[in-house]
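Asks: Here is my input; please provide its structure:
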Amino acid sequence: MVSDILARSKLTPPKRISLTQKDMATVKHHWSLIQKWKFTFEESDDKTLLLTGLASVCGRVASVNDFMEFVKELGHFTGGETKPAFVKNVLASNACRYAIMFGDSLTHETCVELISSLSKCEFCFICAHGRPSVIPLIDMNKDVKQSSTIEARAHKDDTKVRDGNLRFGPKRVIRR
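Replies: Predicted structure coming up:
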């Protein structure tokens, strides 16, 4: 549920923040978007906010600096909606931390569900941090008989070619 992921954490005592005129204008212009991301505040005067609540994502609470970064980001933002960098970082970290890892044992049903889910992803071969999660070994659009290319890639990617078949190695067994 979204309420389990994103919550508001009360800031006790509230933190008084001085802003530039530009930053205050940004806060006023993006008031509802800032509130949507669970940051709460009151306007004290023309250049001061009283920050009363911070966003909490997956149990990690944002800092006052995270709030200020978001305000600065919104100052350069032209349209649509955006996520605070803090939210992106926590979600990316959790996505990788709880991902299926090498050596994990999966049932056939889990594999089918995983492939089905991946087929719906826009960037299914890239982790949440932007790193590639698979390495292509063979270009299916080229002639497979180009064994020198396959052998070169196999050596580079820590795979072995025996009798024209690719063998991945070394196999790692995890015992629990």
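Asks: Let me know the helix or strand that F70 is in.
Replies: Here F70, judged by DSSP states H and E, is contained in helix 64-75.
Asks: Residues contacting that helix, please?
Replies: Contacts to helix 64-75, defined as C-beta atoms under 8 Å, 6 or more residues apart in numbering, come from residues 15, 17, 19, 22-23, 26-27, 29-30, 33-34, 37, 39, 51, 54-55, 82, 84-86. In this view, the C-beta of every residue, glycine as well, is placed from N, C-alpha and C.
Asks: now do stretch 41-51
Replies: Here stretch 41-51 has contacts from 11, 14-21, 24, 27-28, 34, 39-40, 52-53, 64, 67, using C-beta under 8 Å, 6+ apart.
Asks: among these, which are in strands?
Replies: Using DSSP state E, the members of those that fall in strands are L11, P14, K15, R16, I17, S18, T40, T52, G53.
Asks: can you pull the buried residues of stretch 21-32?
Replies: Buried residues in stretch 21-32, counted by 16 or more other C-beta atoms under 10 Å: D23, M24, T26, V27, H30.
Asks: got it, and stretch 61-76?
Replies: Neighbour-count burial for stretch 61-76 flags A62, D66, F67, F70, V71, L74 (criterion: 16+ other C-beta under 10 Å).
Asks: so can I have CSV of these showing distance to T110 and pLDDT?
Replies: Shown next, in CSV, are the buried residues of stretch 61-76 (distance: C-beta to C-beta, whole Å; pLDDT from 0 to 100):
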residue, distance to T110, pLDDT
A62, 34, 93
D66, 35, 94
F67, 40, 94
F70, 37, 94
V71, 42, 94
L74, 40, 92
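Asks: Columns distance to Y98 on top of these, output as CSV?
Replies: Shown next, in CSV, are those (distance: C-beta to C-beta, whole Å):
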residue, distance to Y98
A62, 21
D66, 22
F67, 27
F70, 25
V71, 30
L74, 30
